[in-house]
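> here are the coordinates; sequence isn't available:
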């Protein structure tokens, strides 16, 4: 009997211990899930935007002696395409508040992530701009305003229109290539990189072809250059909203379109 009692006691202790182990595993799983759903994407946006803005600013600062838009266009386009490829499965690879706004309004992300994404992108833009300031000689940095955008007041209206049109093209490619189910494509990172490069070649001499408030904000803060900075917020946001209107009302698929279903 003593042996039977001993076995019974051991069996009972084992049974009581298993639910605790399962509960601990469940709690760790929930924490990991929340981290991957809400924290990790914001970190990816911060890091990706930092690297993108650093490359973008560096391409402008390093091009100050020769001038032209080819070097910045190629650098921005290649960097963005690569960064979207490696970070896309974590956060979507937005790196741009205008893109995040258009993706959310087209149904491609949760509202709870919109503001954290934008904050992370702005912070990443600032860090990337200051990194470019740290590595380049002061004379080159000053001559190029650290990659910040320059708009003459007399041309502010035209520059805003250009930024709106260029951002319309960019966000249209993003939303149709990544959000709208009927037009989704695995090659969207490549398409977005090419779009940015093409837009800079087309509009770089008109407005700077920013298309990205985080790309404008970081260098403006690092170089303390705020002249007509509003252009690079109003233009991209207007372009993003126009994209959303076109997709939601006209060319979106059955799930994305809100009318004529």
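That came through fine. The structure presented is a predicted model; accordingly, all values stated were derived computationally and were not measured.
> check what pLDDT the residue nearest in space to the middle of the chain gets.
What sits nearest the mean C-alpha location of the chain, by Cα atoms, centre = their mean, is residue 95, with 1.6 Å. As predicted, residue 95 sits at a pLDDT of 98.
> neighbours around residue 70, how many?
The tally of other residues near residue 70 (other Cβ atoms under 10 Å) stands at 15. Placement of C-beta: from N, CA and C, glycine included.
> surely it touches residue 201?
Yes: under the criterion of Cβ atoms under 8 Å, residue 70 makes contact with residue 201 at 7.3 Å.
> next up, the contacts around residue 192.
Each residue near residue 192 by Cβ atoms under 8 Å, 6 or more residues apart in numbering is listed here: 80-81, 84, 170, 173-174, 177.
> with distance to residue 241 and neighbour count added, can I get the residues you listed in CSV?
Shown next, in CSV, are these (distance: Cβ to Cβ, whole Å; neighbours: other Cβ atoms under 10 Å):
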residue, distance to residue 241, neighbour count
80, 22, 27
81, 25, 21
84, 22, 24
170, 13, 27
173, 16, 21
174, 14, 29
177, 19, 19
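> quick one: which of these is nearest to residue 34?
When those are compared for distance to residue 34 (Cβ to Cβ), residue 84 wins out at 24.4 Å.
> measure residue 69 to residue 143 for me?
17 Å (Cβ to Cβ, to the nearest Å).
> wait, residue 190
The gap separating residue 190 from residue 143 is 33 Å, by Cβ to Cβ.
> more crowded one of those two?
Shown here are residue 190 and residue 143; by other Cβ under 10 Å, residue 190 has more neighbours (16 against 12).
> now do the SS call for that one.
At residue 190 the chain is in helix, as set by DSSP: H, G, I helix; E, B strand; the rest coil.
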